[in-house]
Each structure stands twice: as C-alpha cells, then as structure tokens.
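Asker: sequence first, then the predicted structure, then my questions.
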Amino acid sequence: PAPPPRPASAMFAPSNTTFTALGLHPDLVAALTALNITTPTAAQHAAIPFLLNNTTDLVLAAETGSGKTLAYLLPLLHTLHT
C-alpha cells in the first residue's frame, strides 16, 4: 500500500530559516522578498547550502510544488551574481 500523505507543513523548513541564513546573495533575497517568497521549503533548505558549497551533482526528489526549481536555480544565480 502507498504511504500515508504527509501534512503540507512537512514541505516547509523550520519557520526561523531564511534565505539569508542559507547563504544566498542579498540581491537574490531581496528579489524573492519582492515576490513574497520569504521562507524556504524543506527541499530548498536541504539543497541550497549543499549546492552553494559543493561542485558535485545533486539529485533532489520531492513532491510537485515543493520548490525544487528554485532549489536548483537560486544557487546557480548566486554563483553568477558573485
């Protein structure tokens, strides 16, 4: 049988986590804030610091709508911006 669905809150990182704390450039954080994106999801919380600090590949599996696209793109944009 399929596992029980996880609560929607499981998709979000601890509420005190910010994109700044994950190490993103302040300009990217400001752009996210302007889009009303202020709290990283669990996928972003896991992936962004790893991708900022490693040059290896990362496979991230998560539900639709969990923020995977930004989890991959924000570290790329950070690198291009710095």
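Answerer: That came in fine, so what should we check first? Quantities reported herein were computed from a predicted structural model and do not represent experimental measurements.

Asker: contacts and neighbour counts: CA atoms only from here.
Answerer: OK.

Asker: so the residue lying closest to residue 28 once chain neighbours are set aside: helix, strand or coil?
Answerer: In space, and not counting its chain neighbours, residue 28 is closest to residue 78: 7.2 Å by Cα to Cα, 6 or more residues apart in numbering. Of the three states, residue 78 takes helix according to DSSP: H, G, I helix; E, B strand; the rest coil.

Asker: hang on, residue 78 packs against residue 31?
Answerer: No - counting by Cα atoms under 8 Å, residue 78 sits too far from residue 31 to count as a contact (11.9 Å).

Asker: which one's more surrounded, these two?
Answerer: Counted by other Cα atoms under 10 Å, residue 78 and residue 31 do not tie: residue 78 has more neighbours, with 17 against 12.

Asker: how near is the more buried one to residue 23?
Answerer: 9 Å (Cα to Cα, to the nearest Å).
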